[in-house]
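In: Return a 3D structure for these sequence lines:
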Amino acid sequence: ESLQTMDWDTLVEKAVVASERAAQAEEQLESAQEENSEILERLLKQNAQLLVDKDKLRRENWMLSQKVRDQAPSSHRRSLSFRSDLLSSGSWSLPFFRPVLSPKSPVRQRSRSPKGRRKSPPRLKRGKEKNSRSV
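Out: Okay, the predicted model is just below:
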């Protein structure tokens, strides 16, 4: 039914229903916005607390690394002090560092041959022969 063919009472009734729906939608929108701001506020507080906790843990980690460095044998101190110097040089938001390899344990490089590592031929046994029997 088009608006031109409806009578005045029906038009007024439809307008009232539409305005009531609009008022309900507006109330729902306001309620949702309030709920969202409460959630946002709670998340911001949680985030701030997590940042504080993260900072405390990084400091604690740094203090423990200092203890480990001080208690380590002198052969390991060089790599440990290098790491703690890196950690202390920047801000607390530096990423965690992977352990530095000590110079005594070099990383084994892969062989450059395309077929990979070839097996060495079996060694010949010297002296006694394998299947010889003494009579």
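In: alpha carbons only for contacts and neighbour counts from here, please
Out: Will do.
In: Name the SS class of residue 5, please.
Out: Three-state assignment for residue 5 (DSSP: H, G, I helix; E, B strand; the rest coil): coil.
In: Look at it and report its pLDDT.
Out: Looking at residue 5, its pLDDT reads 72.
In: What is the burial count for it?
Out: Residues lying near residue 5 (other CA atoms under 10 Å) number 8.
In: Show the contacting residues for it.
Out: For residue 5, the contact set (CA atoms under 8 Å, 6 or more residues apart in numbering) is empty.
In: Let me know the distance separating it from residue 68.
Out: 89 Å (CA to CA, to the nearest Å).
In: Then residue 57?
Out: From residue 57 over to residue 68 (counting by CA to CA), the distance is 16 Å.
In: all helices for this protein, in order.
Out: Assigned by DSSP state H, the helices in the chain fall at 8-71, 74-89.
In: May I see the ones you listed arranged in JSON lines, with mean neighbour count and mean pLDDT as well?
Out: As requested, the helices of the chain are arranged in JSON lines below (neighbours: other CA atoms under 10 Å; pLDDT from 0 to 100):
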{"stretch": "helix 8-71", "mean neighbour count": "12", "mean pLDDT": "96"}
{"stretch": "helix 74-89", "mean neighbour count": "14", "mean pLDDT": "57"}
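In: Ramachandran angles for residue 5?
Out: phi -90, psi -10 (degrees, to the nearest 10).
In: same deal with residue 72?
Out: On the backbone of residue 72 - angles per degrees, to the nearest 10 - the values are phi -70, psi 150.
In: and it, what does it touch?
Out: By CA under 8 Å, 6+ apart, residue 72 has no neighbours at all.
In: Quick check: it vs residue 65, distance?
Out: Counting by CA to CA - residue 72 and residue 65 are separated by 10 Å.
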